[in-house]
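Student: take this sequence and fold it.
(2 chains)
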Protein chains: 2
Amino acid sequence: MRPVAIDALGGDHAPGVAVAGAVAAARELASPIVLVGQEEAIRSELRKHRLSGLPVGVHHAAEVVTMDDNPVEAMRRKRGSSIHVGLELVRSGEVGAFVSAGNSGAVMASAVRVLGRLPGVGRPAIAVELPSRSHPVTLLDAGANVDPKPEHLIEFAVMGDVIGRTLRGIPSPRIGIVSNGEEPSKGTEATRLADRALRRMPLSYVGYVEGRDLMAGKVDVAVTDGFTGNVILKTIEGFGSFLFEALRKTSRSNVLTMFGFLCARGAFKKLHGLVDHEAVGGAPLVGVNGVTIIAHGGSSPRAIQNAIRVGAEAAAADIPGRILEALNTASAPGR
Amino acid sequence: MRPVAIDALGGDHAPGVAVAGAVAAARELASPIVLVGQEEAIRSELRKHRLSGLPVGVHHAAEVVTMDDNPVEAMRRKRGSSIHVGLELVRSGEVGAFVSAGNSGAVMASAVRVLGRLPGVGRPAIAVELPSRSHPVTLLDAGANVDPKPEHLIEFAVMGDVIGRTLRGIPSPRIGIVSNGEEPSKGTEATRLADRALRRMPLSYVGYVEGRDLMAGKVDVAVTDGFTGNVILKTIEGFGSFLFEALRKTSRSNVLTMFGFLCARGAFKKLHGLVDHEAVGGAPLVGVNGVTIIAHGGSSPRAIQNAIRVGAEAAAADIPGRILEALNTASAPGR
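Tutor: The predicted model follows:
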């Protein structure tokens, strides 16, 4: 098992959170972890943990990409950044995956530059996991491409199919395109063209799905543009906080209610776990030639730990290789 | 107070649900209600209720637009439909508003044909109400226009401002454009152009808002295209059902939890009320020359009753007149 590299300088509470998450991941996965960033700062953070033989290494990178940095500028100028250096480790094969909770635009731009796109991929996409009634649903693109063309939506479907089969273990993932109605006449011009093309492809394509179907377990993979995907993801996030805050408030409305909530607190914890984005932690950037995992800027150590697990799994499953294979099959003559 | 007309033939359980909702609304509002549809069927439904002097009338319309009818075809060919006849009553001034839970595409197409667009409006929009931390948020467009141009998004902002000031009683509604990030560089070409134009207009425009801000009370009006708006609305609907179903399931996991839920059931009812779309019932179609309220196809009598109340309020506030005024002000030279 190749090591996983983690951006020690990315995220709101770097390097403390990244180091704590890396140590926890090393303990859980028994896989080597490489912390990429300013060596001294990392070493001083590491001294706060009991490492006792855990395979946690450090790879020095001096420069920091901040959340305010322009992604393209950062990609071009900050060649010594933890993002650039971490991605170089993936490209050279020294590590199997790179995880970052830093400036996600810069991670995407740099991943395309350093790793390159896979042949046949026009636009890489961010593949997030949504909770659902029966099993997790893969939504892509969750924010990489604001205005994809029909052929890019088709690529997303093929890449989502690979994620479903490998990371989620679904033999033939049901795929849908997110739309404003189920009839083929609905949607945008791009979704209508992609919808027609996907019907003829060797995938379990079910047609359009609506917002309310996403969490109803109707599909395993939901394909959409990065604008809509981002809005969906953040609407769910916001609606979840809204409901749980309202729940907390009403739970204190009177003594009987407080008592009731106390008795049922196990159930609430379980419920909260369902919509807990930290449990997943990281979203693979698919379509580039190497495993890159994008984590939330506000990640906790637990979220980082889980993102590292996603990275290790994606590397072990060779997601980039499987996507390349799938794209070749999809475009093979005679199909 | 002018009567409100309700489509007795629209919705999944017509005419029973429409009649029950109309009777309840007449009782609540003490305003005359006109049921539009097949007279005999309506009269036979009315006999199931105690009317005792309630101002509920019937206006005959023989044809039915089904949910499967093509909206444009129905608009053109079914001139005797309850939708067409109901909208004619608005146009002639006989009623102040028309409410329908029928084929919403047909209601929109027919409203534009029969009532006409207000001068200065390129695209009418559906204005829905979302729950939020502090007060309801108006989201538009929730599904009328899949691919609006920047000038249409600007119209939506102006119309949303009117809804905020009149129906929601907010003196200077804060308006935002839904986007995939807060920076002005984010969004689509259409949102970026609209964003720049709105900054120069005499509105309380706050810039881009993300999905997670919608229910955080950051804005009073959220402007978006009908594709994204529809996906947002239905994602919230689906996520709400998902969470409440999960809550029901976990509530039965053991005796202590069941007991806890029993004690706190008042709090859950209150919470459910927060995300209960029936409490609003209907969404105004703004930008046409007359009040038209679009209700959910699966509306209950209570949802219809509430949609009729929205119609009565919109008519009393003269929403179309106020929008016309606002559009004239916004485009007046020298502003």
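Student: can you pull the buried residues of stretch A:134-147?
Tutor: A:136-146 (16 or more other C-beta atoms under 10 Å in any protein chain shown). C-betas here are computed from N, CA, C, even on glycine.
Student: what do you get for stretch A:60-77?
Tutor: Result for stretch A:60-77 [16+ other C-beta under 10 Å]: buried residues A:61, A:63-65, A:69-71, A:74-75.
Student: can I get the residues you listed in CSV with secondary structure and pLDDT?
Tutor: Below are those laid out as CSV (DSSP: H, G, I helix; E, B strand; the rest coil; pLDDT from 0 to 100):
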residue, secondary structure, pLDDT
A:61, coil, 96
A:63, strand, 92
A:64, coil, 92
A:65, coil, 93
A:69, coil, 89
A:70, coil, 89
A:71, helix, 89
A:74, helix, 89
A:75, helix, 89
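Student: out of these, flag the one nearest to residue A:95.
Tutor: Residue A:95 lies nearest to residue A:61 out of these, by C-beta to C-beta, at 13.1 Å.
Student: please report how far that closest one lies from chain B.
Tutor: 26 Å (C-beta to the nearest C-beta, to the nearest Å).
Student: can you check residue A:79 too?
Tutor: 23 Å.
Student: now that residue: how far from residue B:254?
Tutor: 57 Å (C-beta to C-beta, to the nearest Å).
Student: hey, which helix is longest across chain A?
Tutor: helix A:226-251 (DSSP state H).
Student: buried ones in it, by neighbour count?
Tutor: Buried, per 16+ other C-beta under 10 Å, within helix A:226-251: A:226-240, A:242-244, A:246-247, A:250-251.
Student: ok, now stretch A:155-169?
Tutor: Result for stretch A:155-169 [16+ other C-beta under 10 Å]: buried residues A:155-167.
Student: over to stretch A:15-29?
Tutor: In stretch A:15-29, the ones that count as buried by 16+ other C-beta under 10 Å are A:15, A:17-27, A:29.
Student: now it - C-alpha only, CSV.
Tutor: Extracted C-alpha coordinates of stretch A:15-29, given in CSV (Å, rounded to 0.1, in the frame of the first residue of the first chain):
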residue,chain,number,x,y,z
PRO,A,15,-1.3,22.5,10.6
GLY,A,16,-2.9,21.2,13.9
VAL,A,17,-6.0,19.7,12.4
ALA,A,18,-4.1,18.0,9.5
VAL,A,19,-1.5,16.6,11.8
ALA,A,20,-4.1,15.2,14.3
GLY,A,21,-6.1,13.7,11.4
ALA,A,22,-3.0,12.2,9.9
VAL,A,23,-2.0,10.6,13.2
ALA,A,24,-5.5,9.1,13.6
ALA,A,25,-5.5,7.8,10.0
ALA,A,26,-2.1,6.2,10.4
ARG,A,27,-3.4,4.4,13.5
GLU,A,28,-6.7,3.3,11.8
LEU,A,29,-5.4,2.3,8.4
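Student: quick check: mean pLDDT across whichever helix or strand residue A:85 is part of?
Tutor: In the assignment (DSSP states H and E), residue A:85 maps to helix A:82-92. Average pLDDT, helix A:82-92: 97.
Student: quick one: the helices in the stretch 1-150 of chain A?
Tutor: Listed in chain order, the helices of the stretch 1-150 of chain A (DSSP state H, counting those that start in this stretch) span residues A:16-29, A:39-46, A:71-77, A:82-92, A:104-115, A:150-166.
Student: export those as a markdown table, with columns for distance to residue B:181.
Tutor: Formatted as a markdown table, those follow (distance: least, C-beta to C-beta, whole Å):
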| stretch | distance to residue B:181 |
| --- | --- |
| helix A:16-29 | 22 |
| helix A:39-46 | 29 |
| helix A:71-77 | 11 |
| helix A:82-92 | 19 |
| helix A:104-115 | 9 |
| helix A:150-166 | 20 |
